[in-house]
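Enquirer: this one's sequence-less:
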């Protein structure tokens with residue numbers, strides 16, 4: 001996946017190609033294709049290519065990042081009888097109208113940050129179709145004039161278009177390796193402390209030291225202001241095994 005490091009000012013809305021909106025902080029894709037309303041306990045699912053992704057507010061990720069979520073948990077999109085999808089116009093009622101400002105939870109393919117559910121003022125974000133303040137791409141400017149997208153409490157939930165001047169791209173590779181039908185077993189080992197300590201120490205030390213030091217330090221791209229609690233997006237995506245290049 002490639003993502004522009006400096007998205008600049010928002011441009012005209014552009015259609016999303018290939019359904020991928022961007023990538024979230026745990027390395028999972030955010031997609032925009034038509035809803036299938038079949039989700040797991042973290043509000044995600046896999047497509048026909050075997051790629052796990054989100055469309056709707058993802059319970060596990062948002063709770064881990066400190067974003068307030070619906071009291072009904074992962075079933076917030078299911079009606080009270082548990083028999084059908086909840087009416088679209090009542091979905092937002094499952095969430096508190098106010099909450100803590102969302103940290104950056106991901107990056108879109110055009111480089112803009114993705115937030116979830118609550119803006120900098122702590123207000124629940126509704127889609128434009130349901131009276132929200134976001135635009136047709138589920139994005140808006142903050143008080144500092146910075147543009148960002150929101151995962152909203154109403155359909156379409158994820159951005160349905162992108163406003164960046166330059167759009168990155170996403171590619172993937174397939175494999176013939178299949179997970180076993182019975183699942184995968186994990187073996188967890190607990191390392192015991194040593195019963196004894198070393199009785200000797202090294203008798204030699206390095207005879208030379210480096211003659212130069214780095215002249216610069218890495219810089220990280222972050223769209224969050226100091227008022228937002230935020231994870232370091234690049235570090236967490238790398239930890240999840242996803243490769244993201246900023247250009």
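Expert: Cool, got the structure. As the structure is a computational prediction, the values presented were derived from the model and not from experiment.

Enquirer: where does the prediction get shaky in this protein?
Expert: 179, 183-247 (pLDDT under 70).

Enquirer: all helices of it, in order?
Expert: 59-64, 233-239 (DSSP state H).

Enquirer: any idea how many residues pack against residue 104?
Expert: By the measure other Cβ atoms under 10 Å, the count of residues near residue 104 is 24. No exception for glycine: its C-beta is placed from N, CA and C like everyone else's.

Enquirer: any figure for the gap between it and residue 46?
Expert: 25 Å (Cβ to Cβ, to the nearest Å).

Enquirer: contacts only, for residue 137.
Expert: Residues near residue 137 by Cβ atoms under 8 Å, 6 or more residues apart in numbering: 13, 149, 159-163.

Enquirer: actually, residue 166.
Expert: Contact analysis of residue 166 by Cβ under 8 Å, 6+ apart lists 4, 7, 110-111.

Enquirer: next one: residue 11
Expert: Here residue 11 is in contact with 163-165 (Cβ under 8 Å, 6+ apart).

Enquirer: in CSV: those, plus neighbour count and distance to residue 118.
Expert: Below are these laid out as CSV (neighbours: other Cβ atoms under 10 Å; distance: Cβ to Cβ, whole Å):
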residue, neighbour count, distance to residue 118
163, 23, 21
164, 22, 23
165, 16, 27
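
Enquirer: looking at it, residue 128 is touching residue 135, isn't it?
Expert: Yes - look at residue 128 against residue 135 with Cβ atoms under 8 Å: they come within range, at 6.3 Å.

Enquirer: before we move on, the earlier item: filter the contacts of residue 166 down to just the ones in strands.
Expert: Counting by DSSP state E, none of the members of the contacts of residue 166 fall within strands.

Enquirer: which two in these are spaced the farthest apart?
Expert: Greatest spacing in the contacts of residue 166, by Cβ to Cβ: 4 and 110 (6.3 Å).

Enquirer: which of the two has more neighbours?
Expert: residue 110 (27 against 20).

Enquirer: quick check: closest non-adjacent residue to that one.
Expert: Leaving aside its chain neighbours, residue 110 sits nearest to residue 164 (2.3 Å; criterion: Cβ to Cβ, 6 or more residues apart in numbering).

Enquirer: residue contacts, that neighbour?
Expert: 4, 7-8, 10-11, 14, 108-112.

Enquirer: gap between the residue lying closest to residue 123 once chain neighbours are set aside and residue 26?
Expert: Spatial nearest neighbour of residue 123, excluding adjacent residues (Cβ to Cβ, 6+ apart): residue 98 at 6.2 Å. Distance from residue 98 to residue 26, counting by Cβ to Cβ: 26 Å.

Enquirer: these two: which is more packed in?
Expert: residue 26 (21 against 11).

Enquirer: strands of the protein, start to end?
Expert: Going by DSSP E, the chain shows strands at 2-3, 14-15, 20-24, 29-31, 44-46, 52-54, 106-108, 113-116, 139-141, 147-151, 161-162, 245-246.

Enquirer: for the first one, name the packing helices and strands.
Expert: If I follow you right, that is strand 2-3. With contacts defined as 3 or more Cβ pairs under 8 Å, 6 or more residues apart in numbering; DSSP states H and E, strand 2-3 has these neighbours: strand 245-246.
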